[in-house]
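Chemist: got a predicted model here, sequence first, then my questions.
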Amino acid sequence: MHPAGGGLQRDPPPDDRIIAHNRIKWLSMMASHSAGVAWADSPTQLLGLSTAEVRERVERGDVNTLPPRTGKTVAEIIRTNVFTRINAILGVLLAFVITTGSWINCAFGLLIVVNSAIGIIQELRAKHTLDSLSVIGEEHPSVVRDGQIVELPQDQIVLDDVISLGSGRQIVVDGEVIHSEQLAVNESLLTGEADAVHKQPGSRVLSGSFVAAGSGFYRVTAVGADSYAAQLTAQASKYTLNKSQLQAAIDRILVVITWILVPVAVTSVISQIAHGMATYRTTVLAITGALVPMVPEGLVLITSTAFALGVIRLGKHRCLVQELPAIEGLARVDTVCADKTGTLTEGTMEFSSLIPLSNSDTGKAEAKTENTIENLAPAQEVLAQFVAADPDRNATAEAVFQALPQPTELWKVTARQPFSSATKWAGISCAEHGTWLFGAPDVLSPAHSTASAQAAQLEAQGLRVLLLAYTPRLPQPHEDLGAIGVTPYALVVLAQKVRPDAHAALDYFRSQDVALKVISGDNPTSVAAVTAQLGVTDDAALDARSLDGATPEDFAAALEEHTVFGRVRPDQKQAMVKALQRNGHTVAMTGDGVNDVLALKDADIGVAMGTGSSAARAVAKIVLLDNRFATLPLVVGEGRRVIGNIERVANLFLTKTTYSALLAVLVLIAQLPFPFQPIHVTITGWFTIGLPAFLLSLPPNNARARTGFTRRVLGFAIPSGAIVAISSFLTYLLTCKDGVTPEHTPQSTAALLALIIPSVWVLACVARPWNAWKIALFLTPLLGYGLIFTLPITQQLFMLDSSNLTMMLTGAVIGTVAAVAVECTWHTVGKRLSQRL
């Protein structure tokens, strides 16, 4: 590289496998004449297993067999969708109705088949989507076979395999370290302890942990069911709603309904006996007619189907949902914390220039510290040797390595410190060429030095700037660099390319009143310059080092006041997420590096980029496999669609449950037989509740989800259900004043009409805001009911009799009044819900 940063000629980059093989040779060389390199036995063990040895272990069954990626087999999916609480209730009632021989009243039994079939089909589709995406998104460890490093699927690892580890790599099977290059492993996912643990040869490593810094190799000691990896994989992409707030609320409602069913069944039997109509047939049909509409059979189905469709829709955008409740969680997010590098900017960087500093003249410098050689090598040569000596280059080092000519002969490295997000620098000591540091200028150089000032000018342009510096000895990770003496030698400038889709994504979050916090390990000035290109402004981008020692209150206040944060350590990212959560925010964290893992883990929703570190992908609940930040608004929108629409349709089902239970009680108090046959409540449930609810669960919904689902839904469903029940009961009571016939068909038909009219208006209220298809949604059932109530064939089929015009007029008038009462309820109790939907 010319001093001014001009072009240069270099050989084409070598193949990745050649680089990997060179790493083994590099380590062998290091072991022969370097200090501080730890081995369990000897470098020859890095050759790994031979093909014959692998085959032998496969034949013994010592293979890392993994459980299903989605946590469920096909048989489990079928079983969980068929053997449900609701299917059990409906199945028992269906069995009794079949014994009566009234086949038309068995129509509600189709719900068992339809619910199970739809649930199975959608969950199988979701499983297929997750399995396909998991194959792309899962970690492929680097395994040494026959002296070559190859990336293999996890289920091809065998006992005694040798696996290469580097910064950010996930440990997928248990093992024992055989070589350590300052290897530090973060085990917070297993122990909760955030500090990295340094691993020496002989140390045990467990799956579920990840490499925080350094590199090394380990030998596999446990595979398959004997390894923690089996549990990790089973939990990583599990299709479950166990952690869903929404599902928990629905389950609580179902438990209450189950307990209500028993006394209603008993009172229905008492009512039948009291009126001398206690034949087996009439008793069974009366009980079934009372109980079936009380079961919100479609609510559970639509909930599971909506989540499954969410997984499938997001899968089309190459978005892997590793925990199903993450869809729901994103609907509640009000704050997005975004790392800059790899999230707002592209993960790769472009080497721009190398700027030797004044004390290095035209590439050489005279040493100004004690105990050093008199003359130092040119800056370009030092930098090329530095990155070539790194066996585990990060994105920055790789960009420099690819741009500079590769050294023909590597310097003899006697010690090294790998890069760490906590220290912001890396270092090497060379036998004949001194000790060098490479890292953040504001960390390696005093704040008011010429090097820092020049770096700040470049960072203000949105460039990433690093400092190459000379020092008399290699410092320890947290040692005071000022006390050692560091000589700035050259600035290394890299260009950061903003993701083309990031601007639109941030505009979306602003339009949805979602706050953005940019938290980065880079210099605050550089971060602010990049975010300014995206329309994110902060009058004073905050240096997170100023928050050290801050009280929890001051720390939280700084987070609320500022938008852009630089020089944020990994533990500070985690602390920021927790502080925002304590302030009542629902936080999504996006990132791609090992320094983001702790924050990704603790955020309400962790979102990782597909090309990010395997550790970041492992802990994230959502992985954007296409690396497009613009996919995140789609994920948020999908979550809001699912949650908002489920809350919408829950009003329909719980209104039905309310009016069914209340009607049964009112009939008992009035000492009247139950008015409806099972077929009556079946057609009402299908055309007023079931089919419309399914359609209402599909359209977009941009309202942010909030807590209090049960309170809001019951706040409208209970008064509306009471109005519908009173409407139907009052009609039934008035039409029965002259006595009740054994079949009481005219009275039942009038009562059914008085029930249908306000029920349809409940649908009309819940469907707001109206558009053409929603208007058609609640008008079409009215037209359908008109045909059913007037055509002789349908009256006979559905056991109706509309011949008594007085009774029908009574039902129509009372039902219309009830519909007006529902509308008034909507405008009083339902206003909050209207704003929510």
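Modeler: That came in fine, so what should we check first?
Chemist: tell me which residues touch the residue lying closest to Gln406 once chain neighbours are set aside, please.
Modeler: Computed as Cβ to Cβ, 6 or more residues apart in numbering, the closest residue to Gln406 that is not its neighbour in sequence is Ala388, at 6.2 Å. Where you see a C-beta, it was placed from the backbone N, CA and C, and this is true even at glycine. Counting by Cβ atoms under 8 Å, 6 or more residues apart in numbering, Ala388 makes contact with 401, 406-407, 410.
Chemist: do Gln677 as well
Modeler: With Cβ under 8 Å, 6+ apart as the criterion, the residues that contact Gln677 are 102, 105, 285, 289, 748, 799.
Chemist: the fourth one - that's part of a helix, no?
Modeler: In other words, Gly289. Yes. Gly289 sits within a helix when classified using DSSP: H, G, I helix; E, B strand; the rest coil.
Chemist: in the chain, which helix is the longest?
Modeler: Counting by DSSP state H, the longest helix found in the chain is helix 631-669.
Chemist: list the buried residues in it.
Modeler: Of the residues in helix 631-669, 631-668 count as buried by neighbour count, 16 or more other Cβ atoms under 10 Å.
Chemist: likewise stretch 497-514?
Modeler: Neighbour counts over stretch 497-514 (16+ other Cβ under 10 Å) mark 498-499, 502-503, 505-506, 508-509, 512, 514 as buried.
Chemist: CA atoms of that stretch as PDB?
Modeler: Extracted as PDB, the C-alpha positions of stretch 497-514 are listed here (Å, rounded to 0.1, in the frame of the first residue of the first chain):
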ATOM      1  CA  LYS A 497     -21.500   0.700   3.600                       C
ATOM      2  CA  VAL A 498     -25.000   1.500   4.900                       C
ATOM      3  CA  ARG A 499     -27.500  -1.200   4.100                       C
ATOM      4  CA  PRO A 500     -29.700   0.100   1.300                       C
ATOM      5  CA  ASP A 501     -32.900  -1.200   3.000                       C
ATOM      6  CA  ALA A 502     -32.100   0.300   6.400                       C
ATOM      7  CA  HIS A 503     -33.500   3.700   5.800                       C
ATOM      8  CA  ALA A 504     -37.000   2.500   4.900                       C
ATOM      9  CA  ALA A 505     -37.000   0.100   7.900                       C
ATOM     10  CA  LEU A 506     -36.200   2.900  10.300                       C
ATOM     11  CA  ASP A 507     -38.800   5.100   8.700                       C
ATOM     12  CA  TYR A 508     -41.300   2.400   9.400                       C
ATOM     13  CA  PHE A 509     -40.400   2.200  13.000                       C
ATOM     14  CA  ARG A 510     -40.700   6.000  13.400                       C
ATOM     15  CA  SER A 511     -44.100   5.900  11.700                       C
ATOM     16  CA  GLN A 512     -45.200   3.200  14.200                       C
ATOM     17  CA  ASP A 513     -44.000   5.200  17.200                       C
ATOM     18  CA  VAL A 514     -41.300   2.600  17.900                       C
END
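Chemist: name the residues that touch that stretch?
Modeler: For stretch 497-514, the external contacting residues (Cβ under 8 Å, 6+ apart) are 333-336, 343-346, 349-350, 515-516, 530, 533-536, 628-630, 632-633, 636, 702, 704.
Chemist: try it again with 6 Å
Modeler: Among residues not part of stretch 497-514, those counted as contacts by Cβ atoms under 6 Å, 6 or more residues apart in numbering are 334, 336, 344-346, 516, 533-534, 628-630, 632-633.
Chemist: pull the most distant pair out of these.
Modeler: Greatest spatial distance in the contacts of stretch 497-514: Asp334 and Glu346, 27.4 Å, computed using Cβ to Cβ.
Chemist: related to what we said a few turns ago, could you identify the most distant pair in the contacts of Ala388?
Modeler: For these, with distances taken as Cβ to Cβ, the pair at the greatest spread is Phe401 and Leu410 (12.6 Å).
Chemist: who has more neighbours out of the two?
Modeler: Neighbour totals were compared for Phe401 and Leu410, and Phe401 leads with 19 against 16 (other Cβ atoms under 10 Å).
Chemist: what kind of secondary structure is that one in?
Modeler: Secondary structure of Phe401, per three-state DSSP, is helix.
Chemist: what's the helix or strand containing Arg252 packed up against?
Modeler: In this structure, Arg252 is located in helix 245-274 according to DSSP states H and E. For helix 245-274, the helices and strands in contact under the criterion 3 or more Cβ pairs under 6 Å, 6 or more residues apart in numbering; DSSP states H and E are helix 280-291, helix 631-669.
Chemist: tell me the buried residues in that helix?
Modeler: When burial is assessed from 16+ other Cβ under 10 Å, helix 245-274 yields the following buried residues: 245-247, 249-250, 253-254, 257, 260-261, 264-265, 267-268, 271-272.
Chemist: now the angle from that helix to helix 280-291?
Modeler: Put simply, helix 245-274 runs at 150 degrees to helix 280-291, going by axes from the mean of the first three to the mean of the last three Cα atoms, to 10 degrees.
Chemist: now do helix 245-274 and helix 631-669, the angle between them.
Modeler: Angle of helix 245-274 versus helix 631-669, following the same axes, to 10 degrees, is 20 degrees.
Chemist: returning to what we had before: Serialize the buried residues of stretch 497-514 to TSV and add fields for distance to Asp604, pLDDT and secondary structure.
Modeler: TSV is the format used below for the buried residues of stretch 497-514 (distance: Cβ to Cβ, whole Å; pLDDT from 0 to 100; DSSP: H, G, I helix; E, B strand; the rest coil):
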residue	distance to Asp604	pLDDT	secondary structure
Val498	27	85	strand
Arg499	23	84	coil
Ala502	22	86	helix
His503	25	86	helix
Ala505	19	87	helix
Leu506	19	89	helix
Tyr508	19	88	helix
Phe509	15	88	helix
Gln512	16	84	coil
Val514	13	88	coil
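Chemist: for those residues, work out which two are farthest apart.
Modeler: Between any two of these (Cβ to Cβ), the greatest distance is 21.2 Å, for Val498 and Gln512.
Chemist: secondary structure element holding Thr684?
Modeler: In the assignment (DSSP H and E), Thr684 maps to helix 678-684.
Chemist: ignore the last one, Gly202
Modeler: Per DSSP H and E, Gly202 falls between elements, in no helix or strand.
Chemist: quick one, phi/psi of it?
Modeler: phi 100, psi -20 (degrees, to the nearest 10).
Chemist: what's around it, how many residues?
Modeler: Around Gly202 sit 11 other residues, with neighbours defined as other Cβ under 10 Å.
Chemist: on that earlier part again, for the helix holding Thr684, C-alpha coordinates in PDB please.
Modeler: Output for helix 678-684, consisting of C-alpha atoms alone and laid out as PDB, is shown next (Å, rounded to 0.1, in the frame of the first residue of the first chain):
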ATOM      1  CA  PRO A 678     -78.000 -28.600  18.500                       C
ATOM      2  CA  ILE A 679     -78.500 -27.900  14.800                       C
ATOM      3  CA  HIS A 680     -79.800 -24.500  15.600                       C
ATOM      4  CA  VAL A 681     -76.700 -23.400  17.600                       C
ATOM      5  CA  THR A 682     -74.500 -25.100  14.900                       C
ATOM      6  CA  ILE A 683     -75.700 -23.000  12.000                       C
ATOM      7  CA  THR A 684     -75.600 -19.900  14.200                       C
END
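Chemist: pLDDT on that helix, on average?
Modeler: Over the span of helix 678-684, the pLDDT mean works out to 82.
Chemist: which neighbouring elements make contact with the helix or strand that it is followed by?
Modeler: Sequence-wise, the next helix or strand beyond helix 678-684 is helix 691-696, with elements assigned using DSSP H and E. Other elements packing on helix 691-696 under the criterion 3+ Cβ pairs under 6 Å, 6+ apart are helix 631-669.
Chemist: avg pLDDT for the helix it packs on?
Modeler: Mean predicted lDDT for helix 631-669 stands at 86.
Chemist: how close does Ser445 sit to Thr435?
Modeler: Plainly put, Ser445 is 16 Å away from Thr435 if you go by Cβ to Cβ, to the nearest Å.
Chemist: element containing Ile149?
Modeler: With elements delineated by DSSP H and E, Ile149 resides in strand 148-151, which encompasses its position.
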